Structures are given as structure tokens and as C-alpha cells.
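In: Structural data only, the sequence is not supplied:
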């Protein structure tokens, strides 16, 4: 499936230089995705590690082939998750399975996005790879689209009688995994409806956290919003152990990606990437 971006189509084999505006907008979209709205907050998440130098004259076609192959591997990995998240919910077991599929889809997409930081590709390929996940000024990037879709799938589930009056899969009723899965869907999709999250989910989790029915970190993170000390929360999530440490590692991944954004901002634009097995002809190139 092709996902258009705002980075623009350019004549084949003649990449244009970036103006900087599109990539800065892309960074803003990334920050909205995680509700991290200040560069200083994200920079606290970790000190950027040394990055492998991009080759001065790399094999662009080989790098593009590897990038689209990674996208194809991700696409194939998401197929069964997409089926599982749409299965009918008839009891607590199927509800837990749907929540797990929703969260795992979100997590895998972001894991794949943050892999770009250490990928041995030229920056123009990295820029095109990031743009596949995050579309400036729109919601058609893969991470944006799936985050919104999964949040919309979660909302009716939180009102099902299977959750009784709590409106959340509590640890006592469903175990710690389901609590984490519901949190991930909200945390990584809340940019689609921040008002609902602030007015409905945050008060709900505050009450449940007060009764020790959910992981308090989930409520604290959602309640803090843009005021969150990202570095502090990233460490707290990692210290909480599995499954919560996965989110802390993703906050680290976001920080690493932001550290690379100035270099990507200066890179040339390429035509949009599409998932395809390595070696298949990429649209827009010969």
C-alpha cells in the first residue's frame, strides 16, 4: 500500500535539496504523536549516542532497496495483528487478545521507525523512510494513521460491560499486560483526540491508580502531557520492568531520532518509499 507524504515528488534521479520547512513540520508531527512538544523535554530523555557516519558516496539504490525491504517486512508482520485486533469481542479472553494486538501493532510500527537512527543509509534515504511513518500536516503517515485507527477501536471497548464500571482493564481483573496494552493505545494515539483523553481517560485512571488497580505511571504520563519531564519518565518506565519498560525504550528511540533530525533536514528529498521485497523496482526510479 502506498502512503503519500508532504515531502513532494521529485523528478526521478534528480533529488531536490530540502528547504528545511517540510522536515521541521515532520518533526512537529512526530512530537504530536508522542505529545512531546518541546525540544528541551525530549533532549532530556538521553544523551545522543555516537552515530555511524553515512557513506560519502554510498550506493543509493542499495540503501533504498534495504529501506523498502524493511517496510515490506513490517507490512507482513502487521497483517496478523490487523486481523486479531478486529476479531469479535465476546468474553474477557478475546478482549485481552484485541487489546494486545492493538498495542503490539503500535509498538512494532514505532520500533521500526526508530531503527532508522542506526541504519547505515545515506541521510536522504533516512529522510524518506521517516516520512513513510509521519506525514507533515496530515494523518496519513503509517504511525499517525494506525495510532488514530487503534484509538478509535479502543474507545468502544472501554465501555463494554466486560470491564464493568471501571472502564479500563484493571490489573485485578485482567492482569498487568492488559493495563499496559490499553495505555499504549491511548498514549500513542491521543493526538487524534487529546480532549477525550484529558477529560475522560485521565480522571478515570487517576481514580483507578488511587485504588492500586492500574500502574500509576500510566496515569502520571498522560496527566503530565506537554509538561512531562521526558527523561525522568523514560527512566521510570524502564525501571518498572516488562511490559512497561518497552515504552521507556521507545521514548529513548524518539530522542535518538530527534538528535538526527538536523542532518535529515539538510538531506535531499527522494520520492516516497513503498513496501516491497528488496530488488523489486521502486516506483519513480529506473
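Out: Looks like it came in fine. Every value quoted in this text rests on a predicted model; they were computed, and no experiment measured them.

In: Only C-alpha atoms from now on, for both contacts and neighbour counts.
Out: OK.

In: Residue 238 in helix, strand or coil?
Out: With DSSP: H, G, I helix; E, B strand; the rest coil as the basis, residue 238 sits in helix.

In: Based on its surroundings, how many neighbours for residue 165?
Out: By the other Cα atoms under 10 Å criterion, the neighbourhood of residue 165 contains 10 residues.

In: again but with residue 196, I slipped
Out: Per other Cα under 10 Å, the neighbour tally for residue 196 reads 12.

In: do you know how far it is from residue 181?
Out: Relative to residue 181, residue 196 is positioned 18 Å away (Cα to Cα, to the nearest Å).

In: Flag the shaky bits of the stretch 101-250 of the chain, pLDDT-wise.
Out: The stretch 101-250 of the chain contains residues with pLDDT under 70 at 137-138.

In: All the helices of it, in order from the start?
Out: 123-133, 142-157, 171-174, 176-187, 194-196, 202-210, 216-224, 230-239, 245-265 (DSSP state H, counting those that start in this stretch).

In: could I get those helices as TSV with distance to residue 114?
Out: Below are the helices of the stretch 101-250 of the chain laid out as TSV (distance: least, Cα to Cα, whole Å):
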stretch	distance to residue 114
helix 123-133	9
helix 142-157	12
helix 171-174	30
helix 176-187	17
helix 194-196	24
helix 202-210	28
helix 216-224	21
helix 230-239	15
helix 245-265	5
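
In: Spit out the contact partners of the residue lying closest to residue 168 once chain neighbours are set aside.
Out: Leaving out its chain neighbours, the residue that sits closest to residue 168 by Cα to Cα, 6 or more residues apart in numbering is residue 158, at 5.7 Å. The contact partners of residue 158, taken as Cα atoms under 8 Å, 6 or more residues apart in numbering, are 167-169.

In: Tell me the one of these nearest residue 225?
Out: Nearest to residue 225 among these: residue 168, at 19.9 Å, using Cα to Cα.

In: mind checking the longest helix of the protein?
Out: Ranked by residue count, the top helix of the chain under DSSP state H comes out as helix 60-85.

In: That one vs helix 142-157, what angle?
Out: 10 degrees (axes from the mean of the first three to the mean of the last three Cα atoms, to 10 degrees).

In: which strands and helices sit next to helix 60-85?
Out: helix 92-114, helix 123-133 (3 or more Cα pairs under 8 Å, 6 or more residues apart in numbering; DSSP states H and E).

In: sorry, back to before: out of the helices of the stretch 101-250 of the chain, which gets nearest to residue 64?
Out: helix 123-133 (6.3 Å).

In: who's in contact with residue 99?
Out: Contacts of residue 99 (Cα under 8 Å, 6+ apart): 85, 154, 178, 181-182.

In: try residue 102
Out: Residue 102 neighbours (Cα under 8 Å, 6+ apart): 81-82, 85, 150, 181, 185.

In: Type out the ChimeraX command that picks the buried ones from those.
Out: Of these, the buried ones can be selected in ChimeraX as follows, counting by 16 or more other Cα atoms under 10 Å:
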select :81,82,85,150,181,185
